[in-house]
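All I have is the shape, not the residue letters:
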């Protein structure tokens, strides 16, 4: 991150407590956690719809005091090691946002929909290549935290980037590199390292924009790359021709998947984006 000082990333990273969560998720979780014996399945489903809440739960579960020989990759794993009282305390510190305004054509609602779509696609692709589906879901849900942090803590830079290329465009990392010296995936990777996430997760974010540059190719990184490409192009409503010419064929080849296989694996009839039915 060669221009870290010009972007003042150290200050930026201090802003992550301000990252907003979905008001609906916060309200439903608050209700669920008031129960004497909260339903584990409901908690998994509710936490797993919100990128920021998922990030905070994983950060808490990956603190040294909670580690049981290995780090935590997903919400189901995290809830095994965390007590309801810890989840209640975490929720009290969350920052639900009722903001509906768009900044540079980007809104929190669209970000949440896109993140959930990416997570579901990543899970489907991971299952097709026998990778860790729960970890893939988590990666898909959290990969955009770097962009959310920019949007929240440095709107001026976010707007400058959006003037150059829309936020969800597959080539956006190149524009971010030119302007900031790093891309939003690498910002997410920095957060993941701060929060003591498993190395496979922070590396997946670090090399999200270029999976084949990873010293040893990790299938989860490739899966995340393809999921982000497909979720982005869906959000942008690209045509079949645009899909064909933009498909990351080399990454697909490394995973043994051509474009037809990717589109077929990811063509599951998802529930509506507002659904809380997250399966593991």
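All right, it came through fine. Because the structure is predicted, anything quoted here is derived from the model rather than measured. Numbers count the residues shown, from 1 in each chain.

C-alpha from now on. contacts and neighbour counts both.
Fine.

now the strands for this protein?
Secondary structure of the chain by DSSP state E: the strands cover 20-21, 95-96.

looking at those, which has the lowest confidence?
Mean pLDDT is lowest for strand 95-96 among these, at a mean of 68.

Can you give me the separation between residue 225 and residue 49?
Per CA to CA, to the nearest Å, residue 225 is found 20 Å from residue 49.

can you check residue 212 too?
29 Å.

These two - which one has more neighbours?
The neighbour count for residue 212 versus residue 49, taken as other CA atoms under 10 Å, is higher for residue 49 (25 against 16).

Surely the more buried one is in contact with residue 25?
Yes. Under the contact definition of CA atoms under 8 Å, residue 49 touches residue 25, with a separation of 7.4 Å.

Residue 76: what's it in contact with?
Listed by CA atoms under 8 Å, 6 or more residues apart in numbering, the contact set of residue 76 reads residue 44.

Not counting its neighbours along the chain, what's nearest residue 25?
Leaving out its chain neighbours, the residue that sits closest to residue 25 by CA to CA, 6 or more residues apart in numbering is residue 46, at 6.2 Å.

count of neighbours near the one you found?
23.

and if you look at residue 163?
Residues lying near residue 163 (other CA under 10 Å) number 12.

where are the low-confidence patches of the stretch 151-280 of the chain?
The model of the stretch 151-280 of the chain has pLDDT under 70 over residues 266-280.

how about the helices of it, start to end?
In the stretch 151-280 of the chain, the helices defined using DSSP state H, counting those that start in this stretch lie at 155-164, 172-180, 184-194, 199-206, 219-235, 240-246, 249-255, 259-265.

what's the distance between the second one and the middle of its chain?
Looking back up the chat, that one is helix 172-180. Relative to the chain's own centre, helix 172-180 is displaced by 19 Å; criterion: CA atoms, centre = their mean, to the nearest Å.

okay, the angle between that helix and helix 184-194?
In terms of direction (axes from the mean of the first three to the mean of the last three CA atoms, to 10 degrees), helix 172-180 departs from helix 184-194 by 80 degrees.

other SSEs contacting helix 172-180?
Applying 3 or more CA pairs under 8 Å, 6 or more residues apart in numbering; DSSP states H and E, one finds that helix 172-180 contacts helix 4-7, helix 155-164, helix 184-194.

contact partners of stretch 244-251?
Applying CA under 8 Å, 6+ apart, the contact partners of stretch 244-251 are 211, 212, 222, 225, 226, 229, 258, 259.

first to last residue in that stretch, what's the distance?
14 Å.

Could you list the buried residues of it?
For stretch 244-251, the neighbour count (16 or more other CA atoms under 10 Å) marks 247, 248, 249, 251 as buried.

distance of the first one from residue 70?
Per CA to CA, residue 247 is found 35 Å from residue 70.

Next: residue 207.
Counting by CA to CA - residue 207 and residue 70 are separated by 22 Å.

try residue 22
30 Å.

Now do the residue nearest to the spatial centre of the chain, the pLDDT please.
Nearest to the geometric centre of the chain sits residue 142, at 1.8 Å (CA atoms, centre = their mean). Per-residue pLDDT puts residue 142 at 97.

Would you agree it is in contact with residue 55?
Yes. When contacts are counted by CA under 8 Å, residue 142 is listed as touching residue 55 (6.9 Å).

my guess is residue 50 meets residue 24, correct?
No. The criterion here is CA under 8 Å, and residue 50 misses it with residue 24 at 9.8 Å.

which one of the two has more residues nearby?
Neighbour count, other CA under 10 Å: between residue 50 and residue 24, residue 50 has more, with 23 against 15.

ok, now how distant is that one from residue 16?
For residue 50, the distance to residue 16 equals 15 Å [CA to CA].

which of residue 207 and residue 70 has more neighbours?
Using other CA under 10 Å, the more surrounded residue of residue 207 and residue 70 is residue 207, with 22 against 9.

mind listing what the more buried one touches?
Per CA under 8 Å, 6+ apart, neighbours of residue 207: 185, 186, 213, 214, 221.

Can I have the buried ones of the residues you listed as a ChimeraX selection?
Only the buried members of the contacts of residue 207 enter the following ChimeraX selection, criterion being 16+ other CA under 10 Å:
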select :185,186,221
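
Closest one of the contacts of residue 207 to residue 122?
Among the contacts of residue 207, residue 221 lies closest to residue 122 (CA to CA), at 10.0 Å.

who touches that closest one in this structure?
Each residue near residue 221 by CA under 8 Å, 6+ apart is listed here: 203, 204, 205, 207, 208, 211.

Thanks a lot, catch you later.
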